[in-house]
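Q: Coordinates only, no sequence provided:
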């Protein structure tokens with residue numbers, strides 16, 4: 001083993017990873033970063049499909065320094081990653097899933113970026129193979145991305161380059177109690193407590209592979225685990241960011257990405273017992289972390305669903321979900337002197353939910369039509385709108401409203 005610390009330790013936690021593991025390891029070996037500047041720490045988490053044997057075979061013939069650890073199944077990805085992290089010697093670590101693979105220049109580009117910018121986390125562009133992948137954060141390469149104004153907050157998977165000194169200094173480890181969302185918790189902490197985040201967007205660094213055998217870890221687990229994940233991430237954000245606009249910006253991620261999918265149209269097909277249990281699990285999260293500032297950063301149907309949960313109104317929530325499942329398009333109406341725009345979802349104007357819950361506060365698409373938040377409205381425009389509404393009301397009643405006489 002070399003006495004010189006490598007630039008990167010590639011940590012691979014592998015469970016039942018064949019045959020995907022073959023391309024994964026080939027992509028490490030094909031890196032333009034020289035073999036002497038990296039090492040592999042691979043942890044076989046109790047596989048029975050030949051994963052452990054293949055790791056040992058590869059280690060015996062590769063020019064890259066490689067350690068293979070074989071252990072009993074730990075029940076999730078956190079354990080193997082923590083084992084790998086404990087053995088890592090590199091200046092940086094990269095957590096590579098055994099299903100996925102690198103672009104050839106990935107490590108060289110990301111290490112160069114981290115060294116140039118002095119940042120503790122480097123994001124390399126990710127694309128999906130046989131599955132979707134987030135896209136909004138890859139618009140441009142930036143040496144220092146702002147967590148609160150950029151979309152990096154919406155990519156919290158562990159497949160990133162982390163400066164090992166940060167992880168050691170903070171004693172960071174993956175939470176082995178969490179069975180899903182453990183990577184989001186780890187990555188968000190690094191974002192919040194590290195010395196900046198860089199983005200490499202002009203080269204595809206990582207290929208995220210969708211397995212066709214149904215064994216991908218993110219597809220497993222009960223809904224209770226999703227609530228555990230949301231609770232942990234919300235608590236982390238609240239610990240490190242005081243109440244206010246910045247916290248509201250970050251809270252969008254756990255509320256919309258982690259919590260809300262549990263209250264999508266699929267809820268209509270679930271038993272009343274499951275529905276009630278989900279409401280019970282979500283209620284304290286809304287009570288603790290919901291804020292008006294967060295509410296205004298959401299789309300109308302997102303805000304309405306969360307407000308129904310906060311109020312304990314499963315009946316109203318089901319009405320809104322039925323509307324969404326039926327692919328009905330909400331009508332847009334303007335009200336008030338300021339000309340605010342509202343989307344007419346179920347129970348609009350009935351008083352059971354506040355009118356503000358229906359207000360358009362962020363850009364949305366309704367069907368194929370984009371709807372932007374309207375600008376301020378003048379008093380004259382308000383009056384014209386009132387007159388127009390009055391004329392339409394009169395016409396619908398079959399009456400005639402005389403026009404104002406023109407001066408001669």
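A: Nice, I can see it. Note that the structure is a prediction, hence the values are computed from the model and not measured.
Q: Counting by contacts, list what the longest strand along the chain packs against.
A: Criterion DSSP state E: the longest strand present in the chain is strand 197-209. Under the contact criterion of 3 or more CB pairs under 8 Å, 6 or more residues apart in numbering; DSSP states H and E, strand 197-209 touches strand 101-102, helix 106-117, strand 121-129. Using the backbone N, CA and C atoms, a C-beta is placed for each residue, glycine as well.
Q: Comparing these, which comes out most buried?
A: strand 101-102 (a mean of 25; mean count of other CB atoms under 10 Å).
Q: List the neighbouring strands of that strand plus their orientation.
A: strand 197-209 (antiparallel) (DSSP bridges).
Q: Tell me the buried residues in the strand it pairs with?
A: Across strand 197-209, burial judged by 16 or more other CB atoms under 10 Å covers 197-201, 204-209.
Q: What of stretch 134-146?
A: Neighbour-count burial for stretch 134-146 flags 134, 137-138, 141-143, 145 (criterion: 16+ other CB under 10 Å).
Q: Any idea how many residues pack against the nearest residue to residue 331 once chain neighbours are set aside?
A: Counting by CB to CB, 6 or more residues apart in numbering, the nearest residue to residue 331 once its immediate chain neighbours are dropped is residue 344, at 4.4 Å. The tally of other residues near residue 344 (other CB atoms under 10 Å) stands at 16.
Q: Same check on residue 86?
A: When neighbours are defined as other CB under 10 Å, residue 86 has 11 of them.
Q: Low-confidence stretches in this protein?
A: Scanning the chain for pLDDT under 70 picks out the ranges 1-3, 214-221, 376-408.
Q: Apart from its neighbours in sequence, what residue is nearest the residue sitting nearest the centre point of the chain?
A: The C-alpha lying nearest the average C-alpha coordinate of the chain belongs to residue 154 (CA atoms, centre = their mean; 3.8 Å). Nearest residue to residue 154, sequence neighbours excluded (CB to CB, 6+ apart): residue 134, at 5.8 Å.
Q: repeat for residue 56
A: Closest residue in space to residue 56, ignoring its immediate chain neighbours: residue 68 at 5.3 Å, by CB to CB, 6+ apart.
Q: cool, and residue 367?
A: Excluding its sequence neighbours, the residue lying closest to residue 367 (CB to CB, 6+ apart) is residue 329, at 4.9 Å.
Q: count of neighbours near the one you found?
A: Neighbours of residue 329 under the rule other CB under 10 Å: 12.
Q: any idea how far it is from residue 342?
A: Distance, residue 329 to residue 342, using CB to CB, to the nearest Å: 14 Å.
Q: and of the buried residues of strand 197-209, the nearest to residue 22?
A: Nearest to residue 22, judged by CB to CB, of the buried residues of strand 197-209 is residue 209 at 12.0 Å.
Q: which residues in the stretch 1-150 of the chain form strands?
A: 8-14, 38-45, 65-71, 92-95, 101-102, 121-129 (DSSP state E, counting those that start in this stretch).
Q: now the stretch 151-300 of the chain
A: Ranges of strands within the stretch 151-300 of the chain are 161-163, 197-209, based on DSSP E, counting those that start in this stretch.
Q: quick check: domain ranges of the chain?
A: Split into domains by automatic domain parsing, the chain comes to 8-218, 223-371.
Q: In this structure residue 88 contacts residue 10, no?
A: No - here residue 88 does not reach residue 10: they are 9.2 Å apart, not a contact under CB atoms under 8 Å.
Q: Let me see the ranges of the helices in this structure.
A: Per DSSP state H, the chain carries helices over the ranges 20-29, 51-61, 78-87, 106-117, 164-170, 182-193, 223-240, 245-252, 272-289, 292-295, 300-310, 314-325, 379-396.
Q: right, so of these, which gets closest to residue 359?
A: Ranking the helices of the chain by proximity to residue 359 (CB to CB) places helix 300-310 first, at 7.3 Å.
Q: In terms of secondary structure, what does the closest one contact?
A: helix 272-289, helix 292-295, helix 314-325, strand 340-344.
Q: a markdown table please, covering the buried residues of strand 197-209 and showing distance to residue 95.
A: Conversion of the buried residues of strand 197-209 to a markdown table gives the following (distance: CB to CB, whole Å):
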| residue | distance to residue 95 |
| --- | --- |
| 197 | 16 |
| 198 | 17 |
| 199 | 17 |
| 200 | 16 |
| 201 | 20 |
| 204 | 18 |
| 205 | 13 |
| 206 | 11 |
| 207 | 15 |
| 208 | 13 |
| 209 | 15 |
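Q: now the end-to-end length of stretch 187-205.
A: Start-to-end span of stretch 187-205 (CA to CA, to the nearest Å) is 18 Å.
Q: And for stretch 25-39?
A: Terminal residues of stretch 25-39 are spaced 12 Å apart (CA to CA).
Q: Could you list the buried residues of that stretch?
A: For stretch 25-39, burial by neighbour count (16+ other CB under 10 Å) applies to 25, 27-29, 31, 33, 37-39.
Q: farthest-separated two in those residues?
A: Checking the buried residues of stretch 25-39 with CB to CB, the most distant pair is 25 and 37, at 17.2 Å.
Q: Once you drop chain neighbours, what's closest to residue 39?
A: Here the residue nearest residue 39, using CB to CB, 6+ apart, is residue 65, at 4.3 Å.
Q: how near is that neighbour to residue 23?
A: According to CB to CB, residue 65 and residue 23 sit 21 Å apart.
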